[in-house]
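[1] Return atomic coordinates for the entry below.
(chains A and B)
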There are 2 protein chains.
Amino acid sequence: MLFKDATTEEIELKMQESWMAFHQYRKFPLSKRATFMRTIAEEVEALGDELLQITGEETNLPEARLRNERTRTIFQLNSYADACERGDWLEARIDTANDDRNPPKPDIRKMMVPLGPVVVFGASNFPYAYSTAGGDTACAFAAGCPVIIKAHPAHSKTSEMIANAIMKAVEKNNLPAGVFAHVYGKSFEVGKSLVMHPFTKAVGFTGSFTGGKALYDWANQRKEPIPVFAEMGSINPVFLLPGKLTESAPELAKTIAASITLGVGQFCTNPGLLIGMEGNGLKEFILALGKEIKNSVPAKMLHSGIATAYKEKRKLALAQDNIELISDLEVEENAEGIPTIASASAHAFLNNPVLHQEVFGPYSLLIKCKSKEEMLQVVQHMEGQLTASVMATAEDLQHYEDVVEQVKNICGRFILNGVPTGVEVCLSMHHGGPFPATTDSRFTSVGADGIKRFARPLSFQNWPNEVLPDELKNENTLNIYRTVNDHLTKKIIE
Amino acid sequence: MLFKDATTEEIELKMQESWMAFHQYRKFPLSKRATFMRTIAEEVEALGDELLQITGEETNLPEARLRNERTRTIFQLNSYADACERGDWLEARIDTANDDRNPPKPDIRKMMVPLGPVVVFGASNFPYAYSTAGGDTACAFAAGCPVIIKAHPAHSKTSEMIANAIMKAVEKNNLPAGVFAHVYGKSFEVGKSLVMHPFTKAVGFTGSFTGGKALYDWANQRKEPIPVFAEMGSINPVFLLPGKLTESAPELAKTIAASITLGVGQFCTNPGLLIGMEGNGLKEFILALGKEIKNSVPAKMLHSGIATAYKEKRKLALAQDNIELISDLEVEENAEGIPTIASASAHAFLNNPVLHQEVFGPYSLLIKCKSKEEMLQVVQHMEGQLTASVMATAEDLQHYEDVVEQVKNICGRFILNGVPTGVEVCLSMHHGGPFPATTDSRFTSVGADGIKRFARPLSFQNWPNEVLPDELKNENTLNIYRTVNDHLTKKIIE
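    This is a model prediction of the structure:
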């Protein structure tokens, strides 16, 4: 075997180094952290087309997709570096002293400080953007935390190449080597010992519910529980309201079919559930969607584990009572990643928990509702989601206001007349959502606000200006926004 | 019995009402929430001196202390109402669309939305400020969450009076009655069923480690785990560096003795551990501290449970090997709340976990270190704390830089030449800290940033201006700060 699982001794050594590096790295100025992150971006870019080729072999992902994902990964590193330096995430708050008050009011200043070493689990479906130098790593480095990566076994070579790029950046910036560690582990034990290690202070994960929930439970059972940010997928419901269906069923079908089959359905934002109001519009939509899917082509999935799981879960879903197959793709039975659409009544959905489960891949279930009340019931029985979409006219939004309000409450991103795939990397993005979509709906894993997952506030009371961190000094040489005596300002404190 | 434990049926009914109220209350504008909170403040004030008298009987707390705490509680309600309206906590982010980009960039806007019904456990030691209309309640109302209070059995009458004041405010503001519920429960079962109820979406707690950890574990074992913000106390170490000891041992002893005995030591920020460098300065400090304590007077504690626990834990601590009693107060053995100072060597402390335990009451253990290395070891073996204080000269700070750096890493509030008691209610306050001080070091329970415990971000993608919440509309009629295309501004979007 090319990549050997880390031994207990190796893990212990890496965690010790990480802990020591933490005490240096957390004191590094924001500008130095940002430069480090930008160097990683350069080093990843410098890996050139060889990286794309190797990842293509490991993941079956087409070159164009990989090229895009690499661009996104580099953008994340650079834009989170900018955000790190801009310092809004520090939530600097200053309340100045008032000796005239009785009792005298002390000088108190607060800012975010890093939690400590962060263990990041590489994701199978995003070999760059959510893996070794992905969003979690970038956020942890920005926050001032060392990172220990558990490489995803499905793309170990890719992970190794990127880990080497990060190590080059560590060297070029004269950082302590322990700021970054790369660990292989196919076995369950490696992940568990990383999460349970007393020096680990937070965990980032993107993957299955089973995987994420296991990490979360381990972390909570520790003597000192630690935060786990696990993004565990979602079925991303799309609500098809009648006015919109009447107006543009064929266009909707086209857009939604493209979203379902994008990347062989291997996105956490893949629309796995469509909820439509019965009527001629829905009939037209179903016909059109069936046609679109018939024109699609099955493709190899990320790895054999995912392909097998898709086949099995799809089979289980289709074997349920009162399930109708909408797409009838003529392909050999053993083909991988066959795009599939089935339908069921709201009544069947409400009474069968199997139909609520995610089928990771290009699969979507269409639920037919007889009335607004039935649609409301469907929403009320739905678990937390990363996204929810509503396809609606202005009139639909008025007539279905109560449905729309309820949908808002179960998701992290709420989309009007658009599909959930295509996650924009920007500050306004929330990629998170109520459990079981993630383990903590209060944080995002995409966008620079994700930095806050790995930091905590620390108040300094009564410290003289000269020994305060630069971020909190009167002169504000970093030129960051701070809330001074309840007013947001960049001003110097006189 | 005057106050009966709520039955399962009563709890179910209250949770149903709370859930229904949530779907109305969360849509209420910030100004309406703020007005509601200000009305609560008025109604609590209107309870007049009768409230102070009843609470005095229930808690043994002196009138002056209760008057102060009531003022603080009213201040919290009003200042969190101001913060609610100011809207900084919403973390509004707007990224405007760009159709010229390939692929087109969608319009995305993000803000905080409420989690849902919040269960708050009243605290024994703060019958006003951390109980029925205390900080957790104020934060939840500001965030848009209904509150279910579990009254602390040690001050049920106080809790009932304040609950009635809140209910008056609910009526005066025409809010749905389910926005607030008041539940009695001496038994373990009531608390557990509140935390386990599927409509409960977050928990606030201030109290013992055992209590807080039990709630945390229950919440994590739910089908849908929910965040628990439990503040579980702390021994609040105070480091006495040699320069400062030489300079002002008597003054330090006076200040620290006052902090230890304040409110019969029944504050979560009570300094339970003093760590000093051996030498003449420390000798002088010990003598002075012993004298100060001898001049102090024992007093009745909050309730008999706390008084008994103090006696037992104090006895256990003093029974350990190599423990020396510094204060030798001549009082009858059965007196309540006897101020006590003991001392031990760093070596003894490092080898005996019993000495690390909190003794809730006017007790403090002084640890004598032989060297800086020993002091470093003491810090490294210390658990997470709400606060840590350093008594130091400018020279001390230089010589002990590594100690100071490590201390910073284990606490939520870091104080120079001051005592931890006296928690200022302001935005720069962090009242929280690494586990086991709290269950989530990323959030505070004092100051308006505490609102964020009960909210989560929600992104709106592609929604037209007219259907967006006012907070995110182009015209910014609420005049709040928003980050628009990466720039913090109050400007209208053209």
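
[2] any idea of the pLDDT on the closest residue to A:T200 other than its chain neighbours?
    Leaving out its chain neighbours, the residue that sits closest to A:T200 by Cβ to Cβ, 6 or more residues apart in numbering or on different chains is A:V119, at 5.2 Å. Where C-beta positions appear, they are placed from N, C-alpha and C, glycine not excepted. The model reports A:V119 with a pLDDT of 98.

[3] Who are the contact partners of A:V119?
    Each residue near A:V119 by Cβ atoms under 8 Å, 6 or more residues apart in numbering or on different chains is listed here: A:147-148, A:150, A:194-195, A:200, A:202-204.

[4] now with 10 Å?
    A:15, A:18, A:136, A:140, A:147-150, A:181, A:183, A:191, A:194-195, A:197, A:199-205, A:215, A:219, A:226, A:228 (Cβ atoms under 10 Å, 6 or more residues apart in numbering or on different chains).

[5] Next, find the distance separating it from A:Q16.
    Distance, A:V119 to A:Q16, by Cβ to Cβ, to the nearest Å: 14 Å.

[6] At which residues are the helices of the stretch 151-300 of chain A located?
    Taking DSSP state H, counting those that start in this stretch as the criterion, the stretch 151-300 of chain A contains helices spanning A:156-172, A:188-196, A:209-221, A:242-261, A:280-294.

[7] quick one: A:Q357 and A:S208 touch, right?
    No - in this structure, A:Q357 is not within contact of A:S208 by Cβ atoms under 10 Å, at 11.5 Å.

[8] And chain A, what are its domain boundaries?
    Following automatic domain parsing, one finds the domains of chain A at A:8-232+A:441-456, A:237-416.

[9] gap between the two ends of the longest one?
    For domain A:8-232+A:441-456, the first and last residues are 30 Å from each other (Cα to Cα, to the nearest Å).

[10] can you list contacts of stretch A:56-69?
    For stretch A:56-69, using Cβ under 10 Å, 6+ apart, the contacting residues are A:49, A:51-55, A:124-131, A:134, A:152-159, A:262-264, A:266, A:299-303, A:306-307, A:336-337.

[11] The closest residue to A:S345 other than its chain neighbours: neighbouring residues, count only.
    Spatial nearest neighbour of A:S345, chain neighbours left out: A:K368 (5.5 Å); criterion: Cβ to Cβ, 6+ apart. Per other Cβ atoms under 10 Å in any protein chain shown, the neighbour tally for A:K368 reads 23.

[12] How is A:S131 assigned, secondary-structure-wise?
    coil (DSSP: H, G, I helix; E, B strand; the rest coil).

[13] Ramachandran coordinates for it?
    phi -120, psi -140 (degrees, to the nearest 10).

[14] Excluding chain neighbours, what is closest to it?
    Excluding the flanking residues, the one nearest A:S131 by Cβ to Cβ, 6+ apart is A:G122, at 3.8 Å.

[15] who touches that neighbour in this structure?
    By Cβ under 10 Å, 6+ apart, the neighbours of A:G122 are A:128, A:130-134, A:136-137, A:149-156, A:158-159, A:162, A:182, A:204-207.

[16] Narrow the residues you listed to those that are buried.
    A:128, A:130-134, A:136-137, A:149-156, A:158-159, A:162, A:182, A:204-207 (16 or more other Cβ atoms under 10 Å in any protein chain shown).

[17] show me where pLDDT drops low in the stretch 251-400 of chain A?
    By pLDDT under 70, the stretch 251-400 of chain A contains no weakly predicted segment.

[18] Enumerate the residues of it near chain B.
    A:383-384, A:387, A:389-390, A:392, A:394, A:397-398 (Cβ under 10 Å from any Cβ of the partner chain).

[19] Reformat these as JSON lines; add distance to A:E424, neighbour count and secondary structure.
    Putting those into JSON lines (distance: Cβ to Cβ, whole Å; neighbours: other Cβ atoms under 10 Å in any protein chain shown; DSSP: H, G, I helix; E, B strand; the rest coil) gives the following:
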{"residue": "A:E383", "distance to A:E424": "24", "neighbour count": "17", "secondary structure": "coil"}
{"residue": "A:G384", "distance to A:E424": "21", "neighbour count": "19", "secondary structure": "coil"}
{"residue": "A:T387", "distance to A:E424": "12", "neighbour count": "29", "secondary structure": "strand"}
{"residue": "A:S389", "distance to A:E424": "15", "neighbour count": "28", "secondary structure": "strand"}
{"residue": "A:V390", "distance to A:E424": "18", "neighbour count": "24", "secondary structure": "strand"}
{"residue": "A:A392", "distance to A:E424": "21", "neighbour count": "24", "secondary structure": "coil"}
{"residue": "A:A394", "distance to A:E424": "24", "neighbour count": "10", "secondary structure": "helix"}
{"residue": "A:L397", "distance to A:E424": "23", "neighbour count": "20", "secondary structure": "helix"}
{"residue": "A:Q398", "distance to A:E424": "28", "neighbour count": "12", "secondary structure": "helix"}
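
[20] In three-state terms, label the residue nearest to A:S345 for me.
    A:K368 - assigned by three-state DSSP - is strand.

[21] these two touch, right, it and A:I323?
    No - between A:K368 and A:I323 there is no contact under Cβ under 10 Å: 11.8 Å.

[22] shared neighbours of those two, anything?
    Counting by Cβ under 10 Å, 6+ apart, the shared contacts of A:K368 and A:I323 are A:343-345, A:348-349.

[23] Most neighbours out of the residues you listed, which is it?
    A:F349 leads the shared contacts of A:K368 and A:I323 on contacts (other Cβ under 10 Å) with 28 neighbours.

[24] For that one, which three-state class applies?
    A:F349 ends up helix, using three-state DSSP.

[25] Now do the contacts for it.
    With Cβ under 10 Å, 6+ apart, A:F349 has these contacts: A:273, A:275, A:320, A:322-323, A:343, A:355-356, A:365-369, A:374, A:377-378, A:381-382.

[26] mind redoing it with 6 Å?
    A:355, A:367 (Cβ atoms under 6 Å, 6 or more residues apart in numbering or on different chains).

[27] How about A:N295?
    No contacts exist for A:N295 under Cβ under 6 Å, 6+ apart.

[28] Give me the distance between it and chain B.
    21 Å (Cβ to the nearest Cβ, to the nearest Å).

[29] Same question for A:T210.
    Going from A:T210 to chain B by Cβ to the nearest Cβ gives 15 Å.

[30] Quick check: residues of the stretch 51-200 of chain A near chain B?
    Applying Cβ under 6 Å from any Cβ of the partner chain, one finds that the stretch 51-200 of chain A approaches chain B through A:93-95, A:108-110.

[31] For the closest residue to A:A392 other than its chain neighbours, list the residues it contacts.
    Leaving aside its chain neighbours, A:A392 sits nearest to A:L241 (4.2 Å; criterion: Cβ to Cβ, 6+ apart). Applying Cβ under 6 Å, 6+ apart, we find A:L241 in contact with A:392, A:396, A:400.
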